[in-house]
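[1] the sequence and its predicted three-dimensional model are supplied below.
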Amino acid sequence: MKSPITGKEMKMMQKKDKIDFRKESFEILFHYYLCEDSNEVFTDATLDTLNLNQAYNQYREKYKIPFPDDIKDIRMKYGLSAAKMADILGFGTNVYRQYEAGEVPNVSNARLIELAKDPEEFKKLTLLSSTFKEKEHAGFFKNLDRLIKEEQSFADTALPHYLMHGVGPGGPGIYTGYRTPNLRKLMEMIIFFTVHIQPWKTKMNKLLFYADFLHFKKTCFSMSGAEYVAIHLGPVPQNFNSIFEYAAIHSKIDITYREFSNGGVGESFSPNKDTSFNAGLFEEAELDVLKIVADTFKESSTREMIDISHEEPAWLENIGEMKKIKYDYAFRLKHFG
């Protein structure tokens, strides 16, 4: 950004600051441009959004308020318009649409939205409303009954939850990049890097880390909602071995085991002939980040990727106890400064 005063390019800076939201104060890493000649501080719309999202995300996490993606996913699950969802929940006509666009719900409306996530509870709410005409009832409730059965299936819910969370309660937060962990999206990220790079397992772990953390650096949201931990080879997704086995079992990728002269065994990833990357799951900005990460590290060896990741504060400050990595380390990424 050029200084409105001197016309010179300004350097983007960061500093710890606080933002007030709904009578509470939240600590953020404030992003701004500094005009060195005048010492004046400037922001643009992108930085304003980045700064505000840090406060909004903390507020949502504190009060267990659903995030925009979750709010949209609930509606899409039922195949309804935003106006119909608003009517069923007793909101104003445009309110649900505004929540999907990023407006933070009040706590009481957030509880209703969370309740609507459960098809059984949503069925009760629907019966209390007059949203549907008599002839629409049968088809909609048939779909609801199908969803109720699906969500009661252990395979449909418990396994994906375990792969992305382990045995914890899960949910969006600073360790998931304020996204609800999305195994389907993580699978597609794995497919993308397999198609473009065909990496070894250790390199794949680093590619996923940089994709999620770079997207958070740009937006305050991760891409997949995966949790990452620091191990001796660098940052890796939680349960990465089980995640990759799941990908291979479900024919997302092919894994070849190769023995080295020193007796070690490596795992090489290659595309599965029956699977292609589904770009439709991603926003344009997410696809841009995937391409940036792939282009940046395409020629890097596994050893180089390990060394690169070992320079990151996200690894250096968590490896001692092999801890989970908070996504706000994204603002300190060394290789995407």
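    Received the coordinates, thanks.
[2] now the helices for the stretch 101-250 of the chain?
    If you assign secondary structure with DSSP state H, counting those that start in this stretch, the helices in the stretch 101-250 of the chain sit at 107-116, 119-128, 134-151, 154-165, 183-197, 201-219, 240-249.
[3] would you list those in CSV and tack on mean pLDDT?
    What follows is the helices of the stretch 101-250 of the chain, written out as CSV (pLDDT from 0 to 100):
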stretch, mean pLDDT
helix 107-116, 96
helix 119-128, 89
helix 134-151, 75
helix 154-165, 67
helix 183-197, 96
helix 201-219, 97
helix 240-249, 94
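[4] and among those, the most buried is which?
    For the helices of the stretch 101-250 of the chain, ranked by mean neighbour count under the definition mean count of other C-beta atoms under 10 Å, the leader is helix 201-219 at a mean of 24. In this view, the C-beta of every residue, glycine as well, is placed from N, C-alpha and C.
[5] about what we covered before: for Ala314, which of the helices of the stretch 101-250 of the chain is the nearest?
    Proximity of the helices of the stretch 101-250 of the chain to Ala314 was assessed by C-beta to C-beta; the nearest stretch is helix 201-219, lying at 7.0 Å.
[6] what lies in contact with the helix or strand containing Ile88?
    With elements taken from DSSP states H and E, the one containing Ile88 is helix 82-89. Under the criterion C-beta atoms under 8 Å, 6 or more residues apart in numbering, residues 74-75, 78, 80, 91-97, 100, 109, 112-113, 116, 122, 125-126, 129, 131 lie in contact with helix 82-89.
[7] and stretch 99-108, by the same measure?
    Outside stretch 99-108, the residues that reach it (C-beta under 8 Å, 6+ apart) are 21-22, 56, 59-60, 63, 65-66, 68, 71-72, 75, 82, 109, 113.
[8] tell me the one of those nearest Glu299?
    Looking at the contacts of stretch 99-108 and their distance to Glu299, the nearest is Pro68, at 36.6 Å (C-beta to C-beta).
[9] got a list of what Asp17 touches?
    Residues in contact with Asp17, defined by C-beta under 8 Å, 6+ apart, are 27-30.
[10] looking at the contacts of stretch 99-108, state which has the most neighbours.
    Ranked by the number of neighbours (other C-beta atoms under 10 Å), those place Ile71 first, at 27 neighbours.
[11] quickly find the element holding that one.
    Applying DSSP H and E as the criterion places Ile71 in helix 68-78.
[12] packing partners for that helix?
    With contacts defined as 3 or more C-beta pairs under 8 Å, 6 or more residues apart in numbering; DSSP states H and E, the secondary structure elements packing on helix 68-78 are helix 82-89, helix 95-100, helix 107-116, helix 119-128, helix 134-151.
[13] once you drop chain neighbours, what's closest to Cys35?
    Leaving aside its sequence neighbours, Cys35 sits nearest to Ser3 (C-beta to C-beta, 6 or more residues apart in numbering; 4.0 Å).
[14] enumerate every residue touching that neighbour.
    Applying C-beta under 8 Å, 6+ apart, we find Ser3 in contact with 9-10, 33, 35, 37-38, 40, 42.
[15] ok, now with 10 Å
    Contacts for Ser3 were tallied using C-beta atoms under 10 Å, 6 or more residues apart in numbering; they are 9-10, 33-38, 40, 42.
[16] which of those lies closest to Ile148?
    Proximity to Ile148 was ranked across the contacts of Ser3 by C-beta to C-beta; first place goes to Tyr33, at 51.7 Å.
[17] wasn't the closest one part of a strand?
    Yes: per DSSP: H, G, I helix; E, B strand; the rest coil, Tyr33 lies within a strand segment.
[18] so what's it closest to, chain neighbours aside?
    The shortest distance from Tyr33 to any residue other than its chain neighbours is 4.0 Å, reached at Met10 (C-beta to C-beta, 6+ apart).
[19] ok, back up a step: most surrounded residue in the contacts of Asp17?
    For these, counting by other C-beta under 10 Å, the largest number of neighbours falls to Ile28: 23 neighbours.
[20] what about that residue, which helix or strand?
    Secondary structure assignment for Ile28, by DSSP H and E: strand 24-35.
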